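S.K.: what shape does this take:
(one chain, ligands or ions: 1)
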Amino acid sequence: MSDTIFTKIINKEIPADIVYEDDSSLAFRDVNPQAPVHILIIPKKPMEQLNDAEVSDQELLGHLIFVAHKVAEKEGVADGYRLVLNNGVGAGQLVMHVHFHLMAGRSLKWPPG
Ligand code: AMP
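M.R.: Next comes the predicted model:
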């Protein structure tokens, strides 16, 4: 896959407000937040969209969800947060590097638009 803006953030070529990092994942604040807490959680491994996940990626994808929970605790929003993954342009995916949106800090409607 070709490099995205998230590749540059992983490689520290452009700045981001990083709230968590380990060997396989990175979490940073969304530059255009849609909620008081809006953090993106991404794998460092290049993967355009969830559809590209392979059997061997299951642990990594589970890890990202675990990281989301840890970040929610750290942000003080563990009592109410939403995790969103947009897969494909039709679902609103703009950056072609798999990412979860962690959103919290306001009332979140259901279903999302
Ligand atoms: P999606 O529409 O699911 O692909 O979400 C992409 C998200 O990336 C959007 O919420 C953007 O605001 C966010 N975004 C784009 N560029 C950056 C950046 N340089 N730093 C942080 N967030 C970004």
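
S.K.: in its sheet, what does the longest strand along the chain sit against?
M.R.: Ranked by number of residues, the top strand in the chain under DSSP state E is strand 37-43. Under the criterion DSSP bridges, strand 37-43 sits next to strand 25-29 (antiparallel), strand 100-104 (antiparallel) in its sheet.

S.K.: state the mean pLDDT of the first one.
M.R.: When pLDDT is averaged over strand 25-29, the result is 98.

S.K.: give me the distance from stretch 94-108 to the chain's centre.
M.R.: Using Cα atoms, centre = their mean, to the nearest Å, we find the averaged C-alpha position of stretch 94-108 to lie 6 Å away from the chain's own average C-alpha position.

S.K.: with stretch 88-101 instead?
M.R.: Stretch 88-101 has its C-alpha centroid displaced from the chain centroid by 10 Å (Cα atoms, centre = their mean).

S.K.: just the C-alphas of that stretch, formatted as CSV.
M.R.: Extracted as CSV, the C-alpha positions of stretch 88-101 are listed here (Å, rounded to 0.1, in the frame of the first residue of the first chain):
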residue,chain,number,x,y,z
GLY,A,88,-14.1,1.8,2.8
VAL,A,89,-15.0,5.1,1.2
GLY,A,90,-18.7,4.3,1.3
ALA,A,91,-18.5,4.2,5.1
GLY,A,92,-16.6,7.4,5.3
GLN,A,93,-13.0,6.1,5.4
LEU,A,94,-10.7,9.0,4.2
VAL,A,95,-7.3,7.7,5.4
MET,A,96,-6.4,4.4,3.9
HIS,A,97,-4.7,3.0,7.0
VAL,A,98,-6.8,1.0,9.3
HIS,A,99,-7.8,3.0,12.4
PHE,A,100,-10.3,3.0,15.2
HIS,A,101,-11.9,6.3,16.3
